[in-house]
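> A predicted structure for the sequence below; I have some questions about it.
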Amino acid sequence: MHEGPLLEALVLVDITPRLERSGVDRIQGFMGARMEEGFASLEEAADAIAAYLPNRAPPRSLEGLRKNLRLDPDGRYRWHWDPAFIKGDRSINHGAEDLMQELMSGLPQLKLPVLLVRGVRSELVREAHAREFVSLTPSASYVDVGGAGHMVAGDRNDVFADEVLKFLDCDQAA
């Protein structure tokens, strides 16, 4: 049996209970557009991502992309997640407003140290959402990562990693 707290600290990456609906729709639209059809190659998937994220520099290697896709028996690459996440009766959108309210009301009881890492160009978490989250969560702080959108670690992994390590070092010293 586990003794002590389940978590000692929490890092949230561009996610809060309150999200920008238009950003959710845009991301789900992108992810769902090729959900069934998939991609004929890693290059085709990289081209789709480049069209979706024109400000992101193209990767030097497609090996990182390979981790986000699965090669199915039909020879096509598909996103490495369950389509039921955005499709079907129990999708992420099912009861989203009620869930958001429930999560928001629980934030004052969240006592562990929390770091919210937000991409400045995020289409999901606006600065006002980050400020609201921090104001409602007793031990929360947030950092904005310039040059990053929702995919903070993919856009600016150097800054992301530095901020998380700084937070964890601070947490360990406390």
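Done, it's in. These numbers come from a predicted model, not from an experiment. Numbering: from 1, shown residues only.
> outside of stretch 29-43, which residues touch it?
Residues from elsewhere that reach stretch 29-43 (Cβ atoms under 8 Å, 6 or more residues apart in numbering): 45, 48, 52, 62, 65-66, 69, 72, 75-79, 81, 83, 86-87. Any C-beta I mention is one placed from the backbone N, CA and C, and that applies to glycine too.
> Could you identify the buried members of the residues you listed?
When these are checked for burial by 16 or more other Cβ atoms under 10 Å, the buried set is 45, 65, 69, 76, 77, 78, 79, 86.
> Take the residues you listed and keep only those in helices.
45, 65 (DSSP state H).
> Greatest separation within the buried ones among the contacts of stretch 29-43: which pair is it?
Maximum pairwise distance among these (Cβ to Cβ): 20.0 Å, between 65 and 86.
> okay, the buried ones among the contacts of stretch 29-43 in TSV with distance to residue 125 and pLDDT next?
Putting the buried ones among the contacts of stretch 29-43 into TSV (distance: Cβ to Cβ, whole Å; pLDDT from 0 to 100) gives the following:
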residue	distance to residue 125	pLDDT
45	25	95
65	24	88
69	25	93
76	32	97
77	29	96
78	27	94
79	22	91
86	19	80
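> the strands in this protein, which residues?
Under the criterion DSSP state E, the chain carries strands at the ranges 10-13, 69-71, 77-79, 114-119, 140-145.
> any idea which of these is most buried?
The highest average neighbour count among these, using mean count of other Cβ atoms under 10 Å, belongs to strand 114-119 at a mean of 23.
> so how far is it off the chain centroid?
10 Å (Cα atoms, centre = their mean, to the nearest Å).
> pLDDT below threshold where in the chain?
The model of the chain has pLDDT under 70 over residues 1-2, 171-174.
> Per the annotation, how does this protein divide into domains?
The chain breaks down into these structural domains: 1-32+96-174, 36-85 (assignment by automatic domain parsing).
> deepest of these, which one?
Neighbour counts (mean count of other Cβ under 10 Å) averaged over each of the domains of the chain peak at domain 1-32+96-174, with a mean of 16.
> Perfect, I'm done here.
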